[in-house]
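**Student:** structure for this input, please:
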Amino acid sequence: MTGAGPADAEPISRAEAQRELTRARRAGARLAAVQALYQMEQTQESVNAVIQEFLDDRLGLGAEGEPIEEADPDIFRSVVLGVVERQDEIDAAISRRLASGWRIDRLDATSRAILRAGVLELMSFADLPRGVILSEYVAIAHAFFDDKEGRFVNGVMDAVAGDVRPGTG
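**Tutor:** Residues are numbered from 1 along each chain as shown. I've put the predicted structure just below:
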């Protein structure tokens, strides 16, 4: 007998499970990066100290300290270091898309961290579709804020994406 049987379906299930684990680890890394950027701004701790703290003690924990899927440490490190290294460029890209009279320092610190991390990915990770990046960071915004702030993050990031990735829809 030929055809797809249960044994044939098993490798697909494993592949799907692996893709979901990879997605969850990326999402965990993004959330941790936003938290690290927020912490650095609030405490004035160095980037290296905060990265080490997260790598030692905090990756894999949610906002309330509950266990979450393991975060990818390489993505976490890339996002945090990338934001620090390119912060002036990132902030300028965000500022160009804020309403007239608004400055980035007037934004909520969490919103700033979300936007900075998301814009860094738009600028630096060309292999990732802009829609994926926007969706991930809007989801993080919704985890911290109401729908209005989520729409704000989406609008700013979408506008910046048009600037830094023209023609990629």
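
**Student:** my guess is residue 120 contacts residue 84, does it?
**Tutor:** No - the pair formed by residue 120 and residue 84 falls short of the contact definition of CB atoms under 8 Å, at 9.4 Å. Heads up, the C-betas are built off the backbone N, CA and C, glycines and all.

**Student:** which one of the two has more residues nearby?
**Tutor:** Set side by side, residue 120 and residue 84 show more neighbours around residue 120, with 26 against 19, by other CB atoms under 10 Å.

**Student:** show the pLDDT at the more buried one.
**Tutor:** Per-residue confidence at residue 120 stands at 97 (pLDDT).

**Student:** any regions of this structure where pLDDT drops low?
**Tutor:** By pLDDT under 70, the low-scoring segments of the chain are 1-12, 58, 60-69, 168-169.

**Student:** which strand or helix spans the spatially most central residue of it?
**Tutor:** Centroid-nearest residue in the chain, with CA atoms, centre = their mean: residue 30, separated by 3.5 Å. In this assignment (DSSP states H and E), residue 30 forms part of helix 6-43.

**Student:** tell me what that helix is packed against?
**Tutor:** The helices and strands touching helix 6-43, judged by 3 or more CB pairs under 8 Å, 6 or more residues apart in numbering; DSSP states H and E, are helix 47-53, helix 73-85, helix 109-124, helix 130-144.

**Student:** what about the nearest residue to residue 153 once chain neighbours are set aside, neighbour count?
**Tutor:** The shortest distance from residue 153 to any residue other than its chain neighbours is 4.1 Å, reached at residue 141 (CB to CB, 6 or more residues apart in numbering). Other residues within reach of residue 141 by the criterion other CB under 10 Å amount to 25.

**Student:** try residue 92
**Tutor:** 12.

**Student:** let's have the chain start at 31 instead
**Tutor:** All right, first residue 31 from here; so that's residue 122.

**Student:** what strand or helix carries it?
**Tutor:** Under the criterion DSSP H and E, the helix or strand holding residue 122 is helix 117-125.

**Student:** alright, I will stop here.
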